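Chemist: requesting a structural model of the entry that follows:
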Amino acid sequence: STDTFLYLKDAPMSIRNNITFMMFALHMNPKSLRWAGPHVLECLHLVTYAVCKDSLSLAYAPLHLKKNKEFVKLACSVNPTAIKFADETVRGDRRFVKPILYEDGGLLEYMSNEIKNDERMVTWAMRKWAHPMRYASERLLDDKSFVYDAVFKNWECLEFASRRLQNSKRIARMAIERSP
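Modeler: Now for the predicted structure:
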């Protein structure tokens, strides 16, 4: 269960740094990585094991691994949502995040502000449905050209546009014309 190793937070460091014990703990609950001692966190094998069993354990991995694109790619191959625990530099790398946004455009929510402000990346995230538009930057949500094009492709995008553009007669007319 999730609480199985919650007591680890109060365990002595000698237990939390014991590789054999922590391997057992990670086998039972990969999120036990949260309570691992520094010696265990230096063990790439154990951290990789935890992340492969439950990619959301990336949240407890050392920062240098959260910045490592290959390690984050491994975590995201198990569950793309793990991207939310990657370092900002990784979440801001267009080449890296594009395939992740291909899998699930809603993961735009966890990308860097730079990605959320990039018209091409937001459009890429929205190629299947309108929902990812809600995570676009305020600048894009108030950009008449961007919103017009988005509404042209999917009338439901109007919901996420700025109030000013939601009240635009031209854009509202486009939404009505494009709705089923």
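
Chemist: contacts, neighbours, all on C-alpha from now
Modeler: Fine.

Chemist: quick one, helices of the chain?
Modeler: Secondary structure of the chain (DSSP state H): helices at 13-16, 19-28, 38-41, 44-53, 63-66, 69-78, 88-91, 94-103, 113-116, 119-125, 138-141, 144-153, 163-166, 169-178.

Chemist: roughly how far is the third one from the heart of the chain?
Modeler: This points to helix 38-41. Helix 38-41 sits 25 Å away from the centroid of its parent chain (Cα atoms, centre = their mean, to the nearest Å).

Chemist: so what touches that helix?
Modeler: Here helix 38-41 makes contact (Cα atoms under 8 Å, 6 or more residues apart in numbering) with 16, 17, 18, 19, 22, 33, 46, 47, 61, 62.

Chemist: what is the nearest of the residues you listed to residue 147?
Modeler: Here the nearest of the contacts of helix 38-41 to residue 147, counting by Cα to Cα, is residue 61; it sits at 38.5 Å.

Chemist: tell me how many other residues surround the closest one.
Modeler: By other Cα atoms under 10 Å, 23 other residues sit near residue 61.

Chemist: from residue 8, how far off is it?
Modeler: Distance of residue 61 to residue 8, computed by Cα to Cα, to the nearest Å: 16 Å.

Chemist: and for residue 78?
Modeler: The value you get for residue 78 to residue 8, if Cα to Cα is used, is 26 Å.

Chemist: which regions of this protein lie under the pLDDT threshold?
Modeler: The chain contains residues with pLDDT under 70 at 1-6.

Chemist: switch the cut-off to 50
Modeler: The chain contains residues with pLDDT under 50 at 1.

Chemist: no more questions from me, cheers.
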